[in-house]
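Undergrad: this is a predicted model, with the sequence first.
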Amino acid sequence: MIYLLYFIVALICVYTLRHYWFTLNRLFGFQRHPYIDIDAADWPPVTVLVAAHNEEKVIANILAALMTVKYPEDKMLVVPVNDRSTDGTRTIINEFVQRFPGRIRPFHRTGGKGGKAAALKDAMELVETEIILIFDADYIPGAGLIRQLTAPFFDPEVGGVMGRVVPINVGANLLTRLLDLERAGGYQVDQQARMNLRLVPQHGGTVAGVRRSALREIGGWNDNSLTEDTDLTYRLLLYGWKMVYQNRSECYEEVPETWQVRRKQIMRWAKGHNQAMVTYGLHLLFGRHRATLRERIDGVLLLGVYIMAPVTLLGWMLALAVFYQGIAPLHGIVALLSLTAYAAIGNLAAFFEIAAAVKLDGNRQRICLLPFLVLGFTVSILSVSQAAVAQLKDALTGAEFHWDKTERFRKVAS
């Protein structure tokens, strides 16, 4: 028990240092944006997949935005992937098909396996281009985004690309403001730092792109995965493809406006991430593949992000048990002090990261919201821990995974 306790203490120290390293790199290190300045080129044909399941509230917004982007019309095909929708999604898509003939080719899926990855896998029969861009239906791309996401693919080593996600409904309530801060820290600091340091930028599954030949080489979309983006990240990494993060390529999303929806979203992400950790963790660290040593280490740490909440809670319970049972009292005191220090310094690392993101974004007024992040962190820790327990139970009982769609809050476009 003592050895397990100190392993947990060492592990949370590693993650604390990782937060600080990334933040200091973003503030003072060399910044890599190798493809962002490509503005004029012989742009290749692209297919834009828009994943949609019961998205009548938002689907019109993204289709309208895609029809006005600055990309050659004859080289961009939009494929709305309507996955078994039972609302007005199909009707809205068909109206856009009539308004923009030849530019939108719908894929109406009426059956098959559930989940976004399964829908994208079936929709590949309509894809003929080498470059594939992926959006969720609640996102709104800017005019230049398609070119920015396509530019990295001029590099033949690039297998995937990811842009930055920015909440569009920030002013709805306290939760959306806190999620705006979290998104800023995750993209402005974490993702860009991993890009700077040549580590493992994560494919986000939306505001993203993938090379069709790379996707074919790794076996296509994994329809058994809860988070197809994390799964895709690691399969591309293991096969030696480069992942590019474009921090200045912004796209606008709708974040959850209620804590219940947020909790379900976190739980789905945690389950998918943990699923990928079990599938790829040991192979990434010790197997024979094309990833570099730094990519192996960072990739494993990235896989373990969502397991750290229950691990930290386990550390607290072990430390209290050791201390109160009188088993090696000195060790118990040291462990308690270490975990208490982590609660202060470790969490401060995440606050420091988000504060740095606020500074980099030039919006210092948001800094007053930092103390309220404790509420968001508490909900995240409890939700992630609950997801880990539920996932373990499902593994023991053989239950199949269930896909929870994130509820939308926008009004239906008229």
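TA: Thanks, I have it.

Undergrad: just to be sure, Val300 is in a strand?
TA: No - counting by DSSP: H, G, I helix; E, B strand; the rest coil, Val300 is not found in a strand; it is helix.

Undergrad: phi, psi for Asp180 please.
TA: Backbone torsions of Asp180, given as degrees, to the nearest 10, read phi -60, psi -40.

Undergrad: and it, what is it in contact with?
TA: Neighbour list for Asp180: Val166, Pro167, Val170, Val255, Arg366 [criterion: C-beta atoms under 8 Å, 6 or more residues apart in numbering]. Where C-beta positions appear, they are placed from N, C-alpha and C, glycine not excepted.

Undergrad: can I take it that the fourth one is in a helix?
TA: Right, the one you point to is Val255. No - the assignment for Val255, made by three-state DSSP, is coil rather than a helix.

Undergrad: and it, how close does it get to Val261?
TA: Separation of Val255 from Val261 (C-beta to C-beta, to the nearest Å): 9 Å.

Undergrad: try the third one
TA: Counting by C-beta to C-beta, the separation of Val170 from Val261 is 16 Å.

Undergrad: buried residues, stretch 69-78. List them.
TA: Val69, Tyr71, Met76, Leu77, Val78 (16 or more other C-beta atoms under 10 Å).

Undergrad: then stretch 381-398?
TA: Ile381, Ser383, Val384, Ser385, Gln386, Ala387, Ala388, Gln391.

Undergrad: from the residues you listed, which land in helices?
TA: If you go by DSSP state H, the buried residues of stretch 381-398 have Ile381, Ser383, Val384, Ser385, Gln386, Ala387, Ala388, Gln391 in helices.

Undergrad: so which of the residues you listed comes closest to Ala399?
TA: Gln391 (9.7 Å; C-beta to C-beta).

Undergrad: in contact with the closest residue to that closest one other than its chain neighbours, which residues?
TA: Nearest residue to Gln391 in three dimensions, chain neighbours excluded: Lys271, at 5.1 Å (C-beta to C-beta, 6 or more residues apart in numbering). With contact set as C-beta under 8 Å, 6+ apart, Lys271 has these partners: Leu226, Thr227, Ala387, Ala390, Gln391, Phe401.

Undergrad: and of these, the nearest to Leu49?
TA: Looking across the contacts of Lys271 and measuring by C-beta to C-beta, the closest to Leu49 is Thr227, at 16.7 Å.

Undergrad: contacting residues for the residue nearest to the closest one when sequence neighbours are not counted?
TA: What sits nearest to Thr227 in space, not counting adjacent residues and going by C-beta to C-beta, 6+ apart, is Gly272, at 2.7 Å. Gly272 makes contact with Ser225, Leu226, Thr227, Thr230, Asp231, according to C-beta under 8 Å, 6+ apart.

Undergrad: separation between the third one and Gln275?
TA: Right, the one you point to is Thr227. 7 Å.

Undergrad: partners of the helix or strand Gly159 falls within in the sheet?
TA: For Gly159, the host element (DSSP states H and E) is strand 158-167. Here strand 158-167 has these sheet partners by DSSP bridges: strand 208-211 (antiparallel), strand 242-253 (parallel).

Undergrad: now rank the contacts of Asp180 by neighbours and give me the top one.
TA: When neighbours are counted by other C-beta atoms under 10 Å, Val255 leads the contacts of Asp180 with 25 neighbours.

Undergrad: phi, psi of it?
TA: Main-chain dihedrals, Val255, degrees, to the nearest 10: phi -90, psi 160.

Undergrad: pretty sure it is touching Val166, no?
TA: No - the criterion here is C-beta atoms under 8 Å, and Val255 misses it with Val166 at 9.7 Å.

Undergrad: find the residues that touch each one of the two.
TA: Contact with both Val255 and Val166 is made by residues Asp180, Arg183, according to C-beta under 8 Å, 6+ apart.

Undergrad: still on that earlier bit, looking at the contacts of Gly272, which has the smallest pLDDT value?
TA: pLDDT across the contacts of Gly272 is lowest for Leu226, at 86.

Undergrad: three-state assignment of it?
TA: Assignment for Leu226 (three-state DSSP): coil.

Undergrad: where's it relative to Tyr306, distance?
TA: In terms of C-beta to C-beta, Leu226 sits 12 Å off from Tyr306.

Undergrad: try Phe154
TA: Phe154 is 34 Å from Tyr306, by C-beta to C-beta.

Undergrad: so these two - more neighbours on which side?
TA: Tyr306 (26 against 13).

Undergrad: got a list of what the more buried one touches?
TA: Trp269, Ala270, His273, Asn274, Met277, Val384, Ala387, Ala388.

Undergrad: so it, which state does it fall into?
TA: helix.

Undergrad: verify the stated contact: Val261 with Glu407.
TA: Yes - under the criterion of C-beta under 8 Å, Val261 makes contact with Glu407 at 4.8 Å.

Undergrad: check which helix or strand Lys121 maps to.
TA: helix 116-123.

Undergrad: which other residues reach whatever helix or strand comes next after that helix?
TA: Counting by DSSP H and E, the element after helix 116-123 in chain order, helix or strand, is strand 131-136. By C-beta under 8 Å, 6+ apart, the list of residues contacting strand 131-136 from outside reads 44-51, 62, 120, 141, 146, 149-150, 153, 205-212, 215, 251, 253.

Undergrad: and the residue nearest to Gln391, how close does it get to Glu56?
TA: In terms of C-beta to C-beta, Lys271 sits 27 Å off from Glu56.

Undergrad: sorry, back to before: show me how to select, in PyMOL, the buried members of the contacts of strand 131-136.
TA: In PyMOL syntax, the buried subset of those is picked out as below (16+ other C-beta under 10 Å):
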select buried, resi 46+47+48+49+50+51+62+120+141+146+149+150+153+205+206+207+208+209+210+211+212+215+251+253
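
Undergrad: which parts of the protein are strands?
TA: Counting by DSSP state E, the chain has strands at residues 46-52, 76-83, 107-109, 131-136, 140-141, 158-167, 208-211, 242-253.

Undergrad: nearest approach to Asp190 belongs to which of the ones you listed?
TA: Using C-beta to C-beta, the nearest of the strands of the chain to Asp190 is strand 242-253, at 9.6 Å.

Undergrad: now do the buried residues in that closest one.
TA: Buried residues in strand 242-253 (16+ other C-beta under 10 Å): Lys242, Met243, Val244, Tyr245, Gln246, Asn247, Ser249, Glu250, Cys251, Tyr252, Glu253.
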